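Colleague: Just to be clear, the model below is a prediction. Sequence and coordinates:
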Amino acid sequence: MVGIFRKLFGAKPDPAPPPGMPATIEEGMASQADEFVDAFSEPGSPIDGTQLDYSEASLALVDQILDDFHRQQVPLPEDLHFLASAYVFETARRQFGGRYARSDADNPFVLVIGEGDAEVGVCVMSKVNGRVANGDEDSIPFFYAGIAPLVAAGKGAMLI
């Protein structure tokens, strides 16, 4: 049976990576998430990077960083957008499993949890941008809390 993600987006397998690049999207995303942790583990960081432990509770720190950009009305730099997104993705993948697939311009990557008709697509990248643009209405912890009920329901869905 074809999964919901493939039905909606017609996902195709990725070509082989160039030499020196991660072999899979999963390896690349995990590496980017680790870079996010490292970036906030330096002395003088606005948050305590030692608390970035890939737990659901640690997403409050990511939300705090994004809120700082929102409050200052400063655009989120593209590299920080990707690193923060990777951290949220990897937090979800460590808790729920899944694989990454390519998607569209607003969500270049989607975490697909489950299989077949029970696939849940998690679109983090537009939510991270939304948090900076819209404030609390796009809360990262609130968004993340929506994953578990969808996975438990065993039905296909997209969380955007």
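Modeller: That came through fine. Small disclaimer: the values here were computed from a predicted structure and weren't measured. Residues are numbered from 1 along each chain as shown.
Colleague: list the contacts for the spatially closest residue to Ile113 that is not a sequence neighbour?
Modeller: Once flanking residues are discounted, Ile113 sits nearest to Gly98: 3.9 Å by Cβ to Cβ, 6 or more residues apart in numbering. Where C-beta positions appear, they are placed from N, C-alpha and C, glycine not excepted. Residues counted as contacts of Gly98 (Cβ atoms under 8 Å, 6 or more residues apart in numbering) are 92, 111-114, 122.
Colleague: Buried only: go through these for me.
Modeller: 92, 111-114, 122 (16 or more other Cβ atoms under 10 Å).
Colleague: Please determine how far Ser103 is located from Leu61.
Modeller: Using Cβ to Cβ, to the nearest Å, we find Ser103 at a distance of 26 Å from Leu61.
Colleague: one step back: of the contacts of Gly98, which pair is most distant in space?
Modeller: Pairwise distances across the contacts of Gly98 (Cβ to Cβ) peak at 12.1 Å, for the pair Ala92 and Gly114.
Colleague: quick revisit: need the buried ones among the contacts of Gly98 in TSV with distance to Pro77, secondary structure and pLDDT, can you?
Modeller: Shown next, in TSV, are the buried ones among the contacts of Gly98 (distance: Cβ to Cβ, whole Å; DSSP: H, G, I helix; E, B strand; the rest coil; pLDDT from 0 to 100):
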residue	distance to Pro77	secondary structure	pLDDT
Ala92	23	helix	98
Leu111	22	strand	98
Val112	27	strand	98
Ile113	28	strand	97
Gly114	33	coil	95
Val122	23	strand	98
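Colleague: which one among the residues you listed gets closest to Leu159?
Modeller: Using Cβ to Cβ, the buried ones among the contacts of Gly98 come closest to Leu159 at Val122, 5.1 Å.
Colleague: For burial, what's the neighbour tally of Ser31?
Modeller: 13 (other Cβ atoms under 10 Å).
Colleague: after the helix or strand harbouring it, next one along is what?
Modeller: In this structure, Ser31 is located in helix 25-39 according to DSSP states H and E. Beyond helix 25-39 on the C-terminal side, the first helix or strand identified by DSSP H and E is helix 59-72.
Colleague: got a list of contacts for that next one?
Modeller: Contacts of helix 59-72 (Cβ under 8 Å, 6+ apart): 40, 46-48, 51-52, 75-76, 84, 87-88, 91, 128, 131-136, 139-141, 144.
Colleague: Just those residues: which are in helices?
Modeller: If you go by DSSP state H, those have 84, 87-88, 91, 128, 131-134, 140-141, 144 in helices.
Colleague: Fine by me, thanks again.
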